[in-house]
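Novice: Quick check, what structure comes out for this input:
(2 chains)
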Amino acid sequence: MTLTAPPRGFRDILPTEARELRAIERALTDTFTSYGYMPLEPPMVEHSGFESTLGGDRLIRFLDGDGSLLALRPDITTAVARLVAQRYADASGALRLSYFAPVFREEPAMLGAERQYAQAGIELVGPSGALADAEALALLAESLARAGLKDATIEVGHVGAVRALFADLADDVRDLVMRELRDGDHVGAFRRARDGGMSTGAIARARQALGARGRGIEAVDVDGVTELREVIHLAREMFAGEPLWGVPNLALMPALPYYTGIVFEAFHPGVGFPIAAGGRYDLLLGAFGTARPATGFAINVPRLHLALYAAGWRPHLEETLVTLAPGDPVVTARLAASLRRRHVTVAIGTAAETAGLKVLEATAVDETHARLGDGRTVTVETLANEAATKVLR
Amino acid sequence: MSAAGRPLRFAIAQGTMLKAELAALAAVGCDVSGVTSDERRLVVRAGAMEFVRARPSDIATYVERGAADLGFVGKDVLMESGARVLELVDLRFGACRFVVAAPRSAMARSLDEYRHLGSLEVATKYPRVATEHFRRRGIAVEIVKVAGSAEVAPQVGLADWIVDLVATGATLAANDLEVIEDIAPCTARLVANPAAYHQRRADIAPLVEKLAAWAAA
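Specialist: Below is the predicted model of the structure:
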């Protein structure tokens, strides 16, 4: 039997899609660079025993030759935590790292149940405080905007403020309440808080705080809300963008347990899932032996692509592909070289896959002239003008 | 997929819960006159809202994926689906509970079997709930998934125990089964797609408040 389809959850990304992903990658990584972030490439495989940010059933695991358990990396944040502890243990000052890389996980709600997809993100290790939180937030907003996404909103919450709302509870009960809120179970969380002895007044106050969004947050009086508003304000000073991209919202509780402070997720009306998620995770690095404040975010690239596609975005990197029918080999080769020097995209022979490019068929007449499909004979200069390669940003 | 500009879409369950759902919606001021059980259209526009009638087990999926912004769905369905949605209000109707049940006459035999064979067979329509429950209890079981009545499984030797959803317990009693253990009580919930809840809070929050007040009354 010949297996021609990839394993379950993996697929070939064909040229039309791949070109669009490259355009997204270029826009995102250029924006990361403009904020002083340095690229990082951790390995695809990690020890499975690492403090995982996901449940074990979400990992794709296998055995190494010596019997140790390995996992395809489920995210990059864990790898960053590991390598900061190992390679930058003595570094003082801010560490700005970025990546655009595939991650691997069992993801029930992923498009087409994919087990591999690209994440783009940054980690800011070292600084804490409003300016650092605002930097991560502004960089996410600017990255999405420069990738071409309009109408995205970024909801900004504060895990510490939500914890403070349940301050009356014993620590172990409060941990369970926080877990239920992360799971989206408000009914269960408030029931547990009531059973745990929280007063009716405090419960009503917590319920009101979690329901508040935008300006409504101003009425919420709990530690962290002032910081939340200050961070959004600072972030909008760094990147003004479209009106109101940063919205305070205490109901925003990401599913991952390691966040400690400001958290945020990006949404777009065209997609029913968050496109990106991030926040402050000051405790994760400590699990690897080097406690350092850290914040960061990851963009789910397929979901960003989906939102862009839904909004009608189509990148046109190279508008025209010139195919040169092979005539005299030397003449054809020289004409191709001459056209490419003029930034024309040229394929010699036929092109079975054009990835949506416009195709201009031509035949070499001599080193400086080509005959087009409509019978005209033109110079390389004319042909280069007709096939002008446009790089649109 | 969700979409901007469209009316707030509300998924409600066809079948036994429909009456209670419509009563709740009417009580908080929604116009549900166009939504009735004999209406053939499954999507009904009513003012600023749109109601979609669906099978209960599909509602969690609709809301998780943003095809509907809000929905009424039983906690039992949520537990079995594992869908990531926001559970905002306990509506208190549609009460039932997940239980473990065994034949009244055969408790001693099944416990003896567990001692000797180290495992029991459990028939259920709810494999996720059953698996999670026995894993938490540390009891090794083999889950036998059935699509219809699990109550018959012990009588025909398909399984030792069952995990089932009961309202009154009358069906269990009629099949000579008794409840060994309660797993969880379940009632209907108001659920929301997280992206919709964040982005359309101004539309959704008043409904949440009114339904919470109605349910508490």
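
Novice: C-alpha from now on. contacts and neighbour counts both.
Specialist: Noted.

Novice: all helices for chain A, in order.
Specialist: Taking DSSP state H as the test, the helices found in chain A are A:15-34, A:77-87, A:130-146, A:159-165, A:171-182, A:186-195, A:200-211, A:225-238, A:301-310, A:329-341, A:380-386.

Novice: and those, which one is worst for confidence?
Specialist: Lowest mean pLDDT of the helices of chain A: helix A:77-87, a mean of 85.

Novice: Nearest spatial neighbour of the residue in the stretch 251-393 of chain A that chain B sits nearest to, chain-adjacent residues omitted?
Specialist: Closest contact between the stretch 251-393 of chain A and chain B, by C-alpha to the nearest C-alpha, is at residue A:272 (4.6 Å). Leaving aside its chain neighbours, residue A:272 sits nearest to residue B:66 (4.6 Å; criterion: C-alpha to C-alpha, 6 or more residues apart in numbering or on different chains).

Novice: how near is the residue of the stretch 251-393 of chain A closest to chain B to residue B:170?
Specialist: Distance, residue A:272 to residue B:170, by C-alpha to C-alpha, to the nearest Å: 41 Å.

Novice: Could you do residue B:98 as well?
Specialist: From residue B:98 to residue B:170 the distance is 14 Å (C-alpha to C-alpha).

Novice: Who has more neighbours out of these two?
Specialist: residue B:98 (21 against 11; other C-alpha atoms under 10 Å in any protein chain shown).

Novice: Direction included, what does the helix or strand hosting the more buried one pair up with?
Specialist: Element membership for residue B:98 (DSSP states H and E) is strand B:96-103. Under the criterion DSSP bridges, strand B:96-103 sits next to strand B:161-166 (antiparallel), strand B:177-186 (antiparallel) in its sheet.

Novice: how about CSV for the ones you listed, with mean neighbour count, distance to residue A:256 and mean pLDDT added?
Specialist: Shown next, in CSV, are these (neighbours: other C-alpha atoms under 10 Å in any protein chain shown; distance: least, C-alpha to C-alpha, whole Å; pLDDT from 0 to 100):
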stretch, mean neighbour count, distance to residue A:256, mean pLDDT
strand B:161-166, 25, 31, 94
strand B:177-186, 17, 25, 92
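
Novice: any chance of those strands in a markdown table, plus distance to residue A:263?
Specialist: Formatted as a markdown table, the strands paired with strand B:96-103 follow (distance: least, C-alpha to C-alpha, whole Å):
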| stretch | distance to residue A:263 |
| --- | --- |
| strand B:161-166 | 38 |
| strand B:177-186 | 32 |
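
Novice: biggest helix in chain B by residues?
Specialist: Ranked by residue count and defined by DSSP H, the top helix of chain B is helix B:201-216.

Novice: just checking, what packs against that helix?
Specialist: If you count contacts as 3 or more C-alpha pairs under 8 Å, 6 or more residues apart in numbering or on different chains; DSSP states H and E, helix B:201-216 packs onto helix B:18-27, strand B:86-90.

Novice: mind exporting it as CSV, just the C-alpha atoms?
Specialist: Backbone C-alpha positions of helix B:201-216 (Å, rounded to 0.1, in the frame of the first residue of the first chain) are rendered in CSV as follows:
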residue,chain,number,x,y,z
ARG,B,201,-20.9,42.7,25.8
ALA,B,202,-23.2,45.6,25.5
ASP,B,203,-25.8,43.4,23.8
ILE,B,204,-25.2,40.4,26.0
ALA,B,205,-24.8,41.8,29.5
PRO,B,206,-28.4,43.0,30.0
LEU,B,207,-29.7,39.6,28.9
VAL,B,208,-27.4,37.9,31.4
GLU,B,209,-28.5,40.1,34.2
LYS,B,210,-32.2,39.7,33.5
LEU,B,211,-31.9,35.9,33.1
ALA,B,212,-29.9,35.6,36.4
ALA,B,213,-32.6,37.7,38.2
TRP,B,214,-35.3,35.6,36.6
ALA,B,215,-33.6,32.3,37.6
ALA,B,216,-33.0,33.5,41.2
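
Novice: who's in contact with the closest residue to residue B:120 other than its chain neighbours?
Specialist: Counting by C-alpha to C-alpha, 6+ apart, residue B:120 lies nearest to residue B:141, which is 4.7 Å off, once chain neighbours are set aside. Shown in contact with residue B:141 (C-alpha atoms under 8 Å, 6 or more residues apart in numbering or on different chains): B:119-122, B:134.

Novice: now residue B:197
Specialist: Taking C-alpha under 8 Å, 6+ apart as the contact definition, residue B:197 lies against B:69, B:204.

Novice: Retrieve the pLDDT associated with residue B:103.
Specialist: At residue B:103, the model reports a pLDDT of 89.

Novice: Out of the helices and strands packed on helix B:201-216, which is closest to residue A:5?
Specialist: Residue A:5 sits nearest to strand B:86-90 of all these, at 36.8 Å, using C-alpha to C-alpha.

Novice: Burial check on residue 149, number of neighbours?
Specialist: You didn't pick a chain, so chain A it is. So residue A:149, with other C-alpha under 10 Å, has 19 neighbours.

Novice: not quite, I wanted chain B
Specialist: With other C-alpha under 10 Å as criterion, residue B:149 counts 13.
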